[in-house]
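S.K.: Predicted model follows, preceded by the sequence.
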There are 2 protein chains.
Amino acid sequence: MGIENDIKQRKFKSEHQKAGINLMFTVREMEHKHFQILKKFGVTPPQFNILRILRGQYPKATTVNDLIDRMIDKASNASRIVEKLRAKAMVERKTSELDRRAVDVAITQKGLELLRQIDVIEQEFYFGLEFLTVEEANQLNALLDKGRGSEIK
Amino acid sequence: MGIENDIKQRKFKSEHQKAGINLMFTVREMEHKHFQILKKFGVTPPQFNILRILRGQYPKATTVNDLIDRMIDKASNASRIVEKLRAKAMVERKTSELDRRAVDVAITQKGLELLRQIDVIEQEFYFGLEFLTVEEANQLNALLDKGRGSEIK
DNA sequence: ATACATTTAATGTTATTACATAAATTTGCT
DNA sequence: AGCAAATTTATGTAATAACATTAAATGTAT
């Protein structure tokens, strides 16, 4: 019986409220599973998020500010997360030459190798949505985009 | 262009991966807005979650264990969250008479009053999903339940 | 050129979370 | 009854997050 069963709540005030709670609950479970996977590789979800952004730009570098912009959770501590990754030699960091306030961050070969390993696992993980068909995942994306009001164009 | 624009990523490995990231991103935004609302009333999201569960049982009490079961995030620190609420006189706590290991938690009048105030705001908030019609919110619920593999029956 | 506002990143502080462990009680087995 | 296992809650600790503040560099207006 879906979310009603999962959190043992029978009645919701509206379909929107139910969807809101359903979203939170689903994401909590998803993140928990994801966290367990990443832990084996010694990275936290925000660290992983940053590595993925950096791979998307590779071999170009990305400033800390751009990272914050693109992160799933707009972390106020991007600096510290980058520092953690640097300590593990997953990224390199140097002050930008064009703007000496800015810091350029780039993923290293070691970082890329880590992501390749995690890719394999995630292929099977399906982000915890294994019960959805591709078509349904597509519908879900459309609804989420619309829910946030950013569906257009 | 939806999530691609929001996190400025062009390509995803699969519709499932895209849905996973889309979910995380949507919930982050939703929770952030929700957090801002709750903050004005002096409660955190987990505290609010517990108060709502307790209201659902009112006037019966609920054990800490039951709370953990029903919480959106299965917090390992339910005890401490309850203690925070008790310090604010939102809940009462006493050891169960049937099982002296267990602790019965019940919402107080003050807690109920707080929830009533927040209800009003949430009515308008729509859990951050204001762009969805009721029918779409319903579809979203069905997809989420199925995604978690708990849609049946 | 100078002064002031803005941008960018780092850091200090406090609260919260995850995880492991402890303590008290109950349950089940013989 | 007696003893080990399981259950329920609380707590210690380390990592992380939110938020405010600081410091350095750049942009802008006069």
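M.R.: Done, it's in.
S.K.: For residue A:118, list the residues it contacts.
M.R.: Residue A:118 makes contact with A:37, A:38, A:41, A:48, according to C-beta atoms under 8 Å, 6 or more residues apart in numbering or on different chains. (C-beta placed from N, C-alpha, C; glycine too.)
S.K.: Kindly recompute the last result at 7 Å.
M.R.: When contacts are counted by C-beta atoms under 7 Å, 6 or more residues apart in numbering or on different chains, residue A:118 is found next to residue A:41.
S.K.: what do you get for residue A:93?
M.R.: The contact partners of residue A:93, taken as C-beta under 7 Å, 6+ apart, are A:82, A:86, A:103, A:105.
S.K.: Could you give the bridge partners of the third one?
M.R.: Beta-bridge pairing of residue A:103 under DSSP bridges involves residue A:95.
S.K.: Surely it is in contact with residue A:61?
M.R.: No: using C-beta atoms under 7 Å as the test, residue A:103 is too far from residue A:61 to be in contact (9.0 Å).
S.K.: ok, for the residue in chain A that DNA strand C sits nearest to, nearest residue in space, not its chain neighbours?
M.R.: Closest contact between chain A and DNA strand C, by C-beta to the nearest atom of the strand, is at residue A:65 (2.5 Å). Closest residue in space to residue A:65, ignoring its immediate chain neighbours: residue A:102 at 6.8 Å, by C-beta to C-beta, 6 or more residues apart in numbering or on different chains.
S.K.: Kindly report the same for residue A:44.
M.R.: residue A:38 (6.7 Å).
S.K.: Could I get the phi/psi values of the one you found?
M.R.: Geometry field for residue A:38 lists phi and psi as phi -60, psi -30, criterion degrees, to the nearest 10.
S.K.: ok, now how distant is it from residue B:39?
M.R.: Residue A:38 sits at a distance of 30 Å from residue B:39 (criterion: C-beta to C-beta, to the nearest Å).
S.K.: the more surrounded of these two?
M.R.: When residue A:38 and residue B:39 are compared on other C-beta atoms under 10 Å in any protein chain shown, the one with more neighbours turns out to be residue A:38, at 18 against 11.
S.K.: quick one: is the least confident helix or strand in chain A by mean pLDDT near chain B?
M.R.: Lowest on mean pLDDT, DSSP states H and E among the helices and strands of chain A sits helix A:3-6, with a mean of 79. Yes: counting by C-beta under 7 Å from any C-beta of the partner chain, contacts between helix A:3-6 and chain B involve A:3, A:5, A:6.
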